[in-house]
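[1] Dropping the sequence and predicted coords here.
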Amino acid sequence: MSFVLAIDQGTTSSRAILFDAAMRVIGVAQREFRQIFPRGGWVEHDAEEIWQTTLSVCRSVLSNHGVAAGQLAGIGITNQRETTVIWDRASGRPIHNAIVWQDRRTAALCEALEAEGAEPLVEAVTGLRLDPYFSGTKVKWLLDTLPDARARAQRGELAFGTIDSFLIGRLTGGRMHATDATNAARTLLFDIHQGVWSAEICALLDVPMDMLPEVKNSADEFGQTDPALLGAAVPILGVAGDQQAATIGQACFAPGMMKSTYGTGCFALLNTGDRPVASGHRMLTTIAYQLDGKRTYALEGSIFIAGAAVQWLRDGLGIIDSAAQSGKLAQQADPGQQVTLVPAFTGLGAPYWAPDCRGAVFGLTRNSGPAEFAKATLDSVAFQTRDLWEAMRADWLGAHGASPDVVLRVDGGMSASDYTMQGLSDILGAPVDRPVMQETTALGAAWLAGMRAGLYPGMEEFAADWALDRRFEPQMEAGAREAAYARWKRAVAAAMTV
Ligand SMILES: Nc1ncnc2c1ncn2[C@@H]1O[C@H](COP(=O)(O)OP(=O)(O)O)[C@@H](O)[C@H]1O
Ligand SMILES: O=P(O)(O)OC[C@H](O)CO
């Protein structure tokens with residue numbers, strides 16, 4: 001029993017990552033699945049495809065590395081958050097495609113609830129906002145729209161779950177209907193202060209509470225896999241939403257520690273300890289992890305476009321062949337130009353929450369070319385992070401009366417870009433640490449499961465294992481930094497008025 005299997009079920013692919021007893025990655029298998037866009041602003045996944053790709057990558061990684069299921073100490077699951085599945089309890093079959101976190105179909109519903117004055121209650125109980133991003137209004141939409149669905153839910157025939165919960169159900173052969181506190185905290189239905197489903201919010205959204213999964217610790221007993229699936233029964237011992245799993249994998253266990261993950265989008269979490277900090281600056285309050293019944297909270301800032309803007313340089317503008325070329329091109333930019341890109345391709349997330357805003361470029365001259373576009377694109381990631389940084393630090397200051405001494409830990413595909421990480425440190429005016437271990441999300445899930453199984457060390461020893469690849473220190477002079485940031489703020493304000 002000297003291996004742990006992490007399942008990372010993400011927005012575009014399902015991955016299985018095999019770890020050995022020393023928490024080293026020994027193998028990865030990955031499969032993409034279809035993105036379904038039935039209408040503008042709608043995004044769905046076929047939950048059966050999510051299940052099939054997940055099962056297949058688990059089988060592949062085990063067989064590719066000659067590891068039998070019986071050698072696994074446990075499975076850890078981490079997942080795209082908020083994405084909503086409702087299934088028939090008897091057959092296990094979803095009654096509709098999964099509605100993905102990016103889906104905006106419930107925007108009008110959110111506005112109507114806001115107009116009724118529901119936002120203060122929702123924020124106070126859940127730590128979230130009335131935004132289509134979260135699961136609650138997606139559940140309501142499904143129950144309102146599909147024939148007979150609400151009556152069936154009321155009779156206890158239907159189950160709701162985020163992706164972790166759906167996978168736990170499938171893996172255990174329908175025996176378990178459970179989630180962990182971090183995933184529950186993203187549904188808009190969970191009272192993050194009491195650690196229970198909120199009857200008040202469920203009533204507001206007309207969601208029968210019988211549909212909801214049992215909420216467990218992030219390291220807990222989530223049942224055994226059906227032996228027919230992997231060849232032996234394996235206990236599922238760890239579950240966390242992907243951004244929380246990355247926070248764990250980055251060992252951000254102390255209040256004031258912060259991680260930021262740069263993939264398609266960017267998600268930053270600041271550990272606020274055992275106190276949920278209500279944001280006065282449009283951040284989200286969420287659960288970082290729950291261990292042995294004890295919740296640790298975080299402030300979260302979610303940016304929808306980070307690496308996706310680099311994909312736009314490659315696929316939309318065609319000025320680079322690969323994402324990795326963006327840094328080199330940006331270095332060739334004319335230092336005399338001040339081109340600023342607001343990458344609001346799908347609206348702006350935190351702290352602006354402006355779903356209708358669209359992208360804009362400012363400061364073009366006749367000499368502006370590919371290098372200036374590349375620089376503006378990579379810089380936009382730093383500026384957006386600075387927005388979150390400012391908001392979170394102000395929230396922290398409000399709660400603690402002193403600024404946190406934050407060192408930012410980074411991960412995700414885009415953190416490989418030295419240029420971007422140096423620019424980030426310059427714009428923040430603070431050090432940025434990139435770890436050796438890049439599979440932080442999978443590591444977080446694996447650690448939860450391996451620690452629960454007794455194979456992996458406890459929190460302190462795990463945190464001591466975190467190893468630095470490179471620290472980026474600010475090199476920009478403070479005046480230049482603040483002038484650049486002020487330019488960004490003006491650009492965002494202008495983009496929001498167009
Ligand atoms: N060297 C690089 N420079 C800039 N951007 C990069 C680099 N390498 C990867 N990226 C960007 O990072 C993203 C991929 O990161 P990843 O963590 O795999 O994302 P996700 O999990 O969201 O699919 C892509 O959007 C890509 O454009
Ligand atoms: O699957 P990812 O990495 O795009 O993460 C999605 C987030 O969990 C959404 O909140």
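    Sure thing, it's come through. Ligands and ions are numbered 1, 2, ... in the order given.

[2] Now Val407: closest residue in space, sequence neighbours ignored.
    Spatial nearest neighbour of Val407, excluding adjacent residues (C-beta to C-beta, 6 or more residues apart in numbering): Pro431 at 5.1 Å. All C-beta atoms are positioned from the backbone trio N, CA, C, and that covers glycine.

[3] for that neighbour, what are its contacts?
    Val407, Leu408, Ser425, Arg471, Phe472, Glu473, Pro474 (C-beta atoms under 8 Å, 6 or more residues apart in numbering).

[4] The first one: neighbour count?
    Number of residues near Val407 (other C-beta atoms under 10 Å) recorded here: 13.

[5] Surely it touches Ala430?
    Yes. Val407 is within contact range of Ala430, at 7.0 Å (criterion: C-beta atoms under 8 Å).

[6] Check which helix or strand the closest residue to ligand 2 within the stretch 351-498 of the chain maps to.
    The nearest approach of the stretch 351-498 of the chain to ligand 2 comes at Thr441, 7.4 Å away (C-beta to the nearest ligand atom). For Thr441, the host element (DSSP states H and E) is helix 440-453.

[7] which helices and strands does that helix pack with?
    Helices and strands touching helix 440-453, by 3 or more C-beta pairs under 8 Å, 6 or more residues apart in numbering; DSSP states H and E, are strand 3-9, strand 13-19, strand 72-79, strand 236-241, helix 242-249, strand 258-262, helix 459-464.

[8] Could you give the average pLDDT over it?
    Helix 440-453 shows a mean pLDDT of 98.

[9] As PDB, could you dump the C-alpha coordinates of it?
    The C-alpha coordinates for helix 440-453 follow below in PDB (Å, rounded to 0.1, in the frame of the first residue of the first chain):
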ATOM      1  CA  THR A 440       0.300  21.400  -6.600                       C
ATOM      2  CA  THR A 441      -3.400  20.700  -7.200                       C
ATOM      3  CA  ALA A 442      -2.900  17.000  -7.500                       C
ATOM      4  CA  LEU A 443      -0.400  17.000  -4.600                       C
ATOM      5  CA  GLY A 444      -3.000  18.700  -2.400                       C
ATOM      6  CA  ALA A 445      -5.500  16.000  -3.100                       C
ATOM      7  CA  ALA A 446      -3.000  13.200  -2.800                       C
ATOM      8  CA  TRP A 447      -1.700  14.600   0.500                       C
ATOM      9  CA  LEU A 448      -5.200  14.700   2.000                       C
ATOM     10  CA  ALA A 449      -5.800  11.000   1.100                       C
ATOM     11  CA  GLY A 450      -2.300   9.800   1.900                       C
ATOM     12  CA  MET A 451      -2.200  11.600   5.200                       C
ATOM     13  CA  ARG A 452      -5.600  10.100   6.100                       C
ATOM     14  CA  ALA A 453      -4.300   6.700   5.200                       C
END
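
[10] gap between the nearest residue to Ala354 once chain neighbours are set aside and Gln9?
    Distances taken as C-beta to C-beta, 6+ apart put Leu348 closest to Ala354, at 4.5 Å, once the chain neighbours are dropped. Distance, Leu348 to Gln9, by C-beta to C-beta, to the nearest Å: 27 Å.

[11] same deal with Arg150?
    Distance, Arg150 to Gln9, using C-beta to C-beta: 28 Å.

[12] which of these two has more neighbours?
    The neighbour comparison of Arg150 against Gln9 (other C-beta under 10 Å) goes to Gln9, with 25 against 19.

[13] can you pull the contacts of the spatially most central residue of the chain?
    Per C-alpha atoms, centre = their mean, the C-alpha nearest to the average position across the chain is that of Gln243, at 3.8 Å. Residues counted as contacts of Gln243 (C-beta under 8 Å, 6+ apart) are Arg81, Thr261, Phe267, Leu269, Glu300, Thr441.

[14] Over to Ala394?
    Residues near Ala394 by C-beta under 8 Å, 6+ apart: Gly280, His281.

[15] could you redo the last one with a cut-off of 6 Å?
    Shown in contact with Ala394 (C-beta atoms under 6 Å, 6 or more residues apart in numbering): His281.

[16] mind checking the backbone torsions on it?
    Phi and psi for Ala394, reported as degrees, to the nearest 10, are phi -70, psi -40.

[17] got it, and Phe267?
    In terms of degrees, to the nearest 10, the main-chain angles of Phe267 are phi -130, psi 120.

[18] per-residue pLDDT, the closest residue to it other than its chain neighbours?
    Closest residue to Phe267 apart from its sequence neighbours, by C-beta to C-beta, 6+ apart: Gln243 at 4.3 Å. Looking at Gln243, its pLDDT is 97.

[19] gap between Gln243 and Leu397?
    On the measure of C-beta to C-beta, Gln243 and Leu397 end up 23 Å apart.

[20] cool, and Glu460?
    Look at Glu460 and Leu397: by C-beta to C-beta, they are 28 Å apart.

[21] And for Gly412?
    Remark: distance between Gly412 and Leu397 (C-beta to C-beta) = 27 Å.

[22] How about Ile75?
    Counting by C-beta to C-beta, the gap from Ile75 to Leu397 is 41 Å.

[23] How about stretch 79-92 and ligand 2, touching?
    Yes. Stretch 79-92 reaches ligand 2 (C-beta under 6 Å from any ligand atom) through Gln80, Arg81, Glu82.

[24] okay if I get these as TSV plus neighbour count?
    Output for those, formatted as TSV (neighbours: other C-beta atoms under 10 Å):
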residue	neighbour count
Gln80	23
Arg81	26
Glu82	25
